Structure formats: structure tokens, C-alpha cells
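Enquirer: I'll drop the sequence and a predicted model, then ask my questions.
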Amino acid sequence: MKKPYLLSIEYIRGVSMLGVVAIHTGSQYLLNPTPNVHLVALFEIVSRFSVPIFFFISAFGLFYRMNLSEPFEYGKFLRRRFKAVLIPYLLWSTLYLLHDNWFYGYQLFPDLDYAAEIYFFGLAKYHLYFLVILIWFYLLMPLWIGIVRRMTPAKLILLLAAQIVFDWWSSYCAGTSENLFMKWRLNWLVLHYVFIFILGGALGVHSEKFFAWCSEHKKIISAGFFLTLTTLLGWYYFLIYTENFSALSAVNTAHQLSPAGIFYTIGASIFFFMLFEFGKLPARLKSFLSILGKNSYFVYLAHPFAIHYLSLALGKLGLIMTAPNALIFYVAIVAITLGVKILSQKFFQAFPR
């Protein structure tokens, strides 16, 4: 029996996209030598759930539709997923490389080894590493199925503990390395996000129980979300006001792979499912979230172009990235990329095949 389509996944996808654009807008704002630390917190800390939550909803959606009692058609699965992810990844990586080669005059591919490094680790543009990690999750899907089949609440807790230890080591202890796989470990190593992926898969398998629990514990889920957000923000402000970190250093420390960041991701993942499944949202907000969700993939792929050229426009106008300009910049990035996607759809729909 086919399960119903979940609008909540579509809505979360849109919210996640907004968070990704916020993080990259924050990177531009941090070029200001005296940024407003509270706006930095909004761009770079509040939005920190946005990358790992997408692994969560990806796993939830996969396992929600999957019948674990039936044989897994690995070849068919890879063909469908690679069509949706690998081909766009290769095309957009090449597009960004060609653009930067034209704009900056970089030598495109000094040698084949360098080209392989760029494509293997997602180095063509700063946001494409996410697709590399997602591809690795897809390649290892039989492993995740086996783990989810045997998963219990106790094992989930153990996996969470292992995730915290591993991410702490990778983020704060491992340091740099000449080995490419270690140097670019954050760009490809799925171990950084295994727990949130497995959690999404386990809840997808038991979606009826999960949604029933969400319906009965709205206040607890909301409190947990705000507690984890407050904890992550508290650490960020502690680093700035007590440890005298710069805003950039604080952001690079209080990130999604930190212990507080991991718990914030968990809290946000469950909270947004609860909110979008059982919250009383205005019809216009639902419509807006649906538009964001349906077009989020293009916005994610294309927004660095908008950031690049809008930054150039600010420079030509002699404007610096003040707090008000940064907020306008953020809205403009989302509006431009979303507008391009919607208008291009309408254009192609006007010409019947």
C-alpha cells in the first residue's frame, strides 16, 4: 500500500534551503571587520540545522516509502538517485569551474589529478560538498538498511554517543593533514552525519508511531527545540564575550558538528516535523513553504552565482556589508534565485513539447 505524500518534508526542504543561503550570506557579512554579533548569530548559528536536517529528511523519505520485508533493488535505486543527484552535481560543478575560470582566469585543470580531486571532494564551489556526502549515503544504502532493521532505542543512544565523540575528534583534534582524504574529510566522509541519517531512517520506518508521539508531545518537542537552540547560542556568546573569540572563530567552533550543534539538529528535525504535520499554519504560509520546497534544489544549486554578482554590484555602488544591507542581501539572493526558477518554468511550460 502506497503511503501518503508528506507535505512536511517539502516544507522542511524549503526551510533548510533558507538556512543554507543564510549561512553563505553570513560568510559575506563576516567580511565586515566589525559585524553585529547578533546578526551573525542569526545567519550562522540559528541556521546550523540546515545541512544535517536535509540528511534527516532524505533518510526519512527513503525509509518511509520502503518496505524492508521486500528485496532491495540496489541497481534501480542507484539509477534513480544518481539521475537526481550525480548528474546535477557533475553539471553544476563543471558550470562553476568554467565560470570561475572565465571570471578569475584560473587555469581550469592543471592536471588530471587535480581535476579528480575537485570532482571527488566537491571543491568546484563551497556548497557542493553536500551532494558528495549524499552520493556516498546512496552508495552505502544496503549498509544503512541493515543498520535500520536492527536499530533499537538503546542502540540509537550508543550511536549518538559515538557520533559526538567522532565529530569532536574530527572537528577539534584531528587537525590538518597532507593526505587528501583526511584534508577534505568534511567534504565526503559520511561518518560525520551517520546518526542523523539513521535517526531519520528509523523514524521513517516507524512513521505512524513517530507522528502519534509528535501529536501527543507538542509542548515537550517545542521546549526541547528551544532548549537546544538556546544552548548552541549560549556557547556562541560565551566564546565571544568570555573567551574573546572573533565572530568568525566563534562560528567555526559552535557549528553543527559540535555536541550542542548535534543536539540542536535533533531538536530542529523533530520540531519541524511536529510543526508542519500538526501545527495550525496559515494557508498563505503553507503555500509559500510549498513554493520554497518545490524550488529549493535549484535555489541551493544556483545561489552562489547570485551571491557573487550581487556582491559585485554592492562593490560597484560603493556599499559595504552593514547589518541592514546584509539582511537585504539575503532576501535578494532568495528572491532572485527563486524568481529565476519560477520564471524559467513558466517559460518552458509556454512551449508544449
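Expert: Sure, I can see it.

Enquirer: residues in contact with the helix or strand of the chain with the lowest mean pLDDT?
Expert: Ranking every helix and strand in the chain by mean pLDDT, DSSP states H and E puts helix 112-121 at the bottom, with a mean of 90. Helix 112-121 is contacted by residues 90, 93, 97, 109, 123-124, 129, 132, 180, 184, 187-188 when judged by Cβ atoms under 8 Å, 6 or more residues apart in numbering. (C-beta placed from N, C-alpha, C; glycine too.)

Enquirer: longest helix in the protein, please.
Expert: As assigned by DSSP state H, the longest helix anywhere in the chain is helix 283-316.

Enquirer: how much does the first helix or strand past that one going along the chain deviate in direction from helix 283-316?
Expert: Counting by DSSP states H and E, the next helix or strand C-terminal to helix 283-316 is helix 323-349. If you take axes from the mean of the first three to the mean of the last three Cα atoms, to 10 degrees, helix 323-349 sits at 110 degrees to helix 283-316.

Enquirer: ok, back up a step: tell me the mean pLDDT for the longest helix of the chain?
Expert: The pLDDT scores in helix 283-316 average 95.

Enquirer: show me what it is packed against.
Expert: helix 7-29, helix 86-104, helix 323-349 (3 or more Cβ pairs under 8 Å, 6 or more residues apart in numbering; DSSP states H and E).

Enquirer: for those helices, give me TSV that also has mean neighbour count, distance to Leu301 and mean pLDDT.
Expert: Below are the helices and strands packed on helix 283-316 laid out as TSV (neighbours: other Cβ atoms under 10 Å; distance: least, Cβ to Cβ, whole Å; pLDDT from 0 to 100):
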stretch	mean neighbour count	distance to Leu301	mean pLDDT
helix 7-29	22	10	96
helix 86-104	15	5	93
helix 323-349	15	9	93
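
Enquirer: starting at the chain centroid, how far to stretch 130-139?
Expert: 12 Å (Cα atoms, centre = their mean, to the nearest Å).

Enquirer: pull that stretch out as CSV, backbone CA atoms only.
Expert: Extracted in CSV, the C-alpha atoms of stretch 130-139 (Å, rounded to 0.1, in the frame of the first residue of the first chain):
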residue,chain,number,x,y,z
PHE,A,130,26.8,18.3,0.4
LEU,A,131,25.9,16.4,-2.8
VAL,A,132,29.2,14.4,-2.5
ILE,A,133,28.2,13.3,1.0
LEU,A,134,24.7,12.5,-0.2
ILE,A,135,26.1,10.4,-3.0
TRP,A,136,28.1,8.4,-0.5
PHE,A,137,25.0,7.8,1.6
TYR,A,138,23.3,6.5,-1.5
LEU,A,139,26.2,4.2,-2.5
